[in-house]
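Enquirer: Show me the folded form of this:
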Amino acid sequence: MWSVFSEAKKYRSFREAWVGCLLGVLFLIFALYQEFPEDISLIRTLPARQNWFRVQQDIRAYGGTLTAFLLAVGLPRLICCEREYRTDCLIKTSAEGNRVTWSSKVLFVILYCAAVVFVIGASSLLINCGHFGFKGALQPIESCVYFSEEALPQMSNLAYCILQYLFLFLGALYFAGFVLLLAALTRRTALTIFLCGASYLLCMLYEYVGYMFSGLANCVMGFFYRFGFGGYLLQASYSWSRYGGMGDWSDVWKPVLLVVILILLEFSGLWWVWRRKARK
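Expert: Just a heads-up that it's a prediction; the model follows:
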């Protein structure tokens, strides 16, 4: 556990991490301000279904993008710092140095992802749901973003919104694994930030203008979006359907199982690259 605190101490020394957190807080405040209704009394008269359906879209509107930004900016140096500060040779002096350092970094990243998702989720739910006084929070859900209304999950509006942020946590781990693996391969913080940012921007591009693609380009972009971290961060990848159109809630376990497997593969690959680089 002390080694995890050591990684947290390193993180606090990263300038780009502080800049990223500051920009992230400003972006979150701006996004929540944009969601602030001009007439709160009017919002409170709307049906609960309409208010909660709007809250469900917070992740797509800003939650997924803000999470990706904080991970892309804050995590690369965590892997690259020993190499860049030329302290990697100290790790080799201990028989268990590589394993302990790697496991400490991975545990810190998991906690970091959980903290990011918790702050974004708690802020969004408390403020946006506070506009209408959490009316209908415990009522059965009547509509879902990405899922067909013919087979809705048997849970309340508030429970489904919380579940969405658990889905976002899985997407965050998926993207974090990509960031760490890329950082281990490049060993360059700035290059990793650029590549991760560009990768997510491509996913954003497909999310909003994907309808403009056709033929092979649409198939390729659609495949990488659906099974890549972009779709999981923006929630679209959880919507699987046997018949096309809106997703079938009974199939939600499939993308969840897939993303868990992909996360395990990423971190296994990270361990392999980490050990290989350590031998050089």
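
Enquirer: Which residue comes closest to residue 237 once chain neighbours are left out?
Expert: residue 231 (3.3 Å; CB to CB, 6 or more residues apart in numbering). Heads up, the C-betas are built off the backbone N, CA and C, glycines and all.

Enquirer: what about the one you found, which SS state?
Expert: State at residue 231, reduced to three classes by DSSP: H, G, I helix; E, B strand; the rest coil: helix.

Enquirer: what stretches of the stretch 101-250 of the chain score poorly on pLDDT?
Expert: Residue ranges of the stretch 101-250 of the chain with pLDDT under 70: 211, 241-245.

Enquirer: mind redoing it with 80?
Expert: Counting by pLDDT under 80, the ranges of the stretch 101-250 of the chain that qualify are 148-152, 208, 210-215, 217-218, 240-248.

Enquirer: could you pull out the helices for it?
Expert: Here the stretch 101-250 of the chain has its helices, by DSSP state H, counting those that start in this stretch, at 157-186, 189-209, 215-227, 229-233.

Enquirer: which one of these is the most hemmed in?
Expert: helix 229-233 (a mean of 28; mean count of other CB atoms under 10 Å).

Enquirer: after it, next one along is what?
Expert: Of the helices and strands lying after helix 229-233 in sequence (DSSP states H and E), the nearest is helix 253-279.

Enquirer: Quick check: buried residues in that following helix?
Expert: 255-256, 259, 262-263, 266-267, 270-271, 273-274, 278 (16 or more other CB atoms under 10 Å).

Enquirer: same check, this time on stretch 41-49
Expert: Neighbour-count burial for stretch 41-49 [16+ other CB under 10 Å]: residue 43.

Enquirer: so how far is that stretch off the chain centroid?
Expert: Computed by CA atoms, centre = their mean, to the nearest Å, the chain-centroid distance of stretch 41-49 equals 30 Å.

Enquirer: And the contacts of that stretch?
Expert: For stretch 41-49, the surrounding residues in contact (CB atoms under 8 Å, 6 or more residues apart in numbering) are 37, 51, 131-133, 135-136, 139, 142-143, 157.

Enquirer: And stretch 51-65, by the same measure?
Expert: 27-28, 31, 35, 43, 120-121, 124-125, 128-129, 131-132, 135-136, 141-145, 157, 160-161, 164-165, 168, 171, 200, 204, 233-236.

Enquirer: mind redoing it with 7 Å?
Expert: When contacts are defined by CB atoms under 7 Å, 6 or more residues apart in numbering, stretch 51-65 is touched by residues 31, 43, 120, 124, 128-129, 132, 135-136, 143, 145, 157, 161, 164, 168, 171, 204, 233-235.

Enquirer: swap in stretch 205-217?
Expert: 221-222, 225, 230, 234.

Enquirer: do you know how far residue 18 is from residue 225?
Expert: In this view, residue 18 and residue 225 are 32 Å apart by CB to CB, to the nearest Å.

Enquirer: Same question for residue 125.
Expert: Distance from residue 125 to residue 225, by CB to CB: 27 Å.
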